[in-house]
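Undergrad: Give me a 3D structure for the following:
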Amino acid sequence: MKRHIAIAAATVAAAAGLLVASQAGAALQPGAKAPAFDAPGYLAGNPVKLSLAAALAKGPVVVYFFPAAHTSGCNLEAHLFSEAIDAFKAEKTTVIGITSGNLDQLADFSKETEHCGGKFAVAADPGAKIARSYNAVMTMKPDWSDRTSYVIGRDGTVIHAYSNMSPKDHVAETLAAVKAYNKK
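TA: Numbers count the residues shown, from 1 in each chain. The predicted structure is shown next:
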């Protein structure tokens, strides 16, 4: 019995490692042109139209993909971005979250204090079409986006990409990249 549990645990660990490795290698690389998008979304529970071009007209943009509203990792990541939004605004940077999961819950997710808190917009991506153009889909569930964050420069070029299913470092990664970009 213990041997079967050990084998199962090793198999799960190997599969998780392959999933993370495949996601990290799949992200658009710095220097690539970020695909344009227009999408419906929500800000503080209100419907909005989101456009990469319109956001870039104001400065750099953080586009972060997350699997689904109202799931534990995505709740934490949204909360971390909402807590850091003033630091992004100080860098004249727009933050846009994009998901293809639990779209019927996105309006509430965008306004709830424990998530986005109405501080940044989240876009609906039915069928993960935008995520697919950014190479940010889950290997095991290709109709959902994975957890990949991009920093896109004013010229529409990817300046930083970070893929990791753990939500903990996405804010620090993207904020550091924005600060380095703005120092140029």
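
Undergrad: Next, residue 123: secondary structure please.
TA: Each residue gets one of three states, and residue 123 gets strand by DSSP: H, G, I helix; E, B strand; the rest coil.

Undergrad: That one and residue 98 touch, don't they?
TA: Yes - using CB atoms under 8 Å, residue 123 and residue 98 qualify as a contacting pair, with a distance of 4.5 Å. (Glycine included, C-beta is placed from N, CA and C.)

Undergrad: Poorly predicted segments of this structure, please.
TA: Regions of the chain meeting the criterion pLDDT under 70 cover residues 1-26.

Undergrad: again, only this time at 50
TA: 1-25 (pLDDT under 50).

Undergrad: could you show me where the helices are in it, in order?
TA: According to DSSP state H, the chain carries its helices in the segments 2-26, 52-56, 72-90, 106-111, 129-133, 170-183.

Undergrad: Dump the third one to PDB, restricted to CA.
TA: This means helix 72-90. Only the C-alpha atoms of helix 72-90 are listed here, as PDB (Å, rounded to 0.1, in the frame of the first residue of the first chain):
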ATOM      1  CA  SER A  72      -8.700  30.100  -4.100                       C
ATOM      2  CA  GLY A  73      -5.500  31.000  -6.100                       C
ATOM      3  CA  CYS A  74      -7.400  33.500  -8.200                       C
ATOM      4  CA  ASN A  75      -9.000  35.100  -5.200                       C
ATOM      5  CA  LEU A  76      -5.600  35.600  -3.600                       C
ATOM      6  CA  GLU A  77      -4.000  36.900  -6.800                       C
ATOM      7  CA  ALA A  78      -6.700  39.400  -7.400                       C
ATOM      8  CA  HIS A  79      -6.500  40.600  -3.800                       C
ATOM      9  CA  LEU A  80      -2.700  41.000  -4.100                       C
ATOM     10  CA  PHE A  81      -3.100  43.000  -7.300                       C
ATOM     11  CA  SER A  82      -5.800  45.200  -5.600                       C
ATOM     12  CA  GLU A  83      -3.500  45.800  -2.600                       C
ATOM     13  CA  ALA A  84      -0.700  46.900  -5.000                       C
ATOM     14  CA  ILE A  85      -2.800  49.000  -7.400                       C
ATOM     15  CA  ASP A  86      -1.500  52.300  -6.000                       C
ATOM     16  CA  ALA A  87       2.100  51.300  -6.700                       C
ATOM     17  CA  PHE A  88       1.100  50.400 -10.300                       C
ATOM     18  CA  LYS A  89      -0.800  53.700 -10.700                       C
ATOM     19  CA  ALA A  90       2.300  55.500  -9.500                       C
END
